[in-house]
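>>> build me a structure from this.
(one chain, ligands or ions: 2)
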Amino acid sequence: MDCLFCKIIAGDIPSTKVYEDDLCLAFRDINPQAPTHILVIPKAHISGCNGVTEENSGVVAHIFAVIPGIANAEGLTGGYRVVSNCGPDAGQTVPHLHFHILGGRQLNLDMA
Ligand code: AMP
Ligand code: ZN
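Numbering: from 1, shown residues only. Ligands and ions are numbered 1, 2, ... in the order given. This next block holds a predicted model:
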């Protein structure tokens, strides 16, 4: 499948991994928007939030269960933001479900 993040999972495109298990991979965003900017993705291809179903949503719960440990390892004691962009209006550029972890500075409160 011609999917950038599937290629990262396969190791065909390099990434800076910060966490990996059987279900998900976390790596540093190539264009960081904050001192810490990590992407967490399921290893199984899901197109985005719109691709989440009752059948595959377990991996979403799993990702949210590993995020606190990633944030702790990054030293994000002041907090952090988790974001998933879905579709063009939200600016989704990679059609493989991903959760941005942003932190390390006071984040803009404007969610738009
Ligand atoms: P989104 O715009 O929400 O779809 O997020 C996609 C993110 O993937 C952006 O923040 C990009 O900077 C990031 N990105 C694109 N290519 C790579 C790559 N090869 N390695 C790491 N992050 C990437
Ligand atoms: Zn994919």
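>>> can you map out the helices along this protein?
Counting by DSSP state H, the chain has helices at residues 4-10, 58-73.
>>> let me know which of the ones you listed is tucked in deepest.
The highest average neighbour count among these, using mean count of other C-beta atoms under 10 Å, belongs to helix 4-10 at a mean of 17. Bear in mind the C-beta positions are built from the backbone N, C-alpha and C, glycine included.
>>> so what does that helix touch, helix or strand wise?
Packed against helix 4-10, as judged by 3 or more C-beta pairs under 8 Å, 6 or more residues apart in numbering; DSSP states H and E, are the following elements: strand 24-28, strand 36-42.
>>> let me have those in CSV, extended by mean neighbour count and distance to ligand 2.
Shown next, in CSV, are the helices and strands packed on helix 4-10 (neighbours: other C-beta atoms under 10 Å; distance: least, C-beta to the ion, whole Å):
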stretch, mean neighbour count, distance to ligand 2
strand 24-28, 20, 11
strand 36-42, 22, 8
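>>> now render these as a markdown table, adding mean pLDDT and distance to ligand 1.
Output for these, formatted as a markdown table (pLDDT from 0 to 100; distance: least, C-beta to the nearest ligand atom, whole Å):
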| stretch | mean pLDDT | distance to ligand 1 |
| --- | --- | --- |
| strand 24-28 | 98 | 6 |
| strand 36-42 | 98 | 6 |
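>>> including distance to residue 111, could the ones you listed go into CSV?
As requested, the helices and strands packed on helix 4-10 are exported to CSV (distance: least, C-beta to C-beta, whole Å):
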stretch, distance to residue 111
strand 24-28, 23
strand 36-42, 17
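>>> identify whichever of the helices of the chain lies nearest to ligand 1.
When the helices of the chain are ranked by distance to ligand 1, counting by C-beta to the nearest ligand atom, first place goes to helix 4-10 at 5.8 Å.
>>> how about the residues of this structure by ligand 1?
Contact residues (C-beta under 6 Å from any ligand atom) of the chain with ligand 1: 4, 13, 15, 29, 30, 31, 39, 85, 91, 92, 93, 94.
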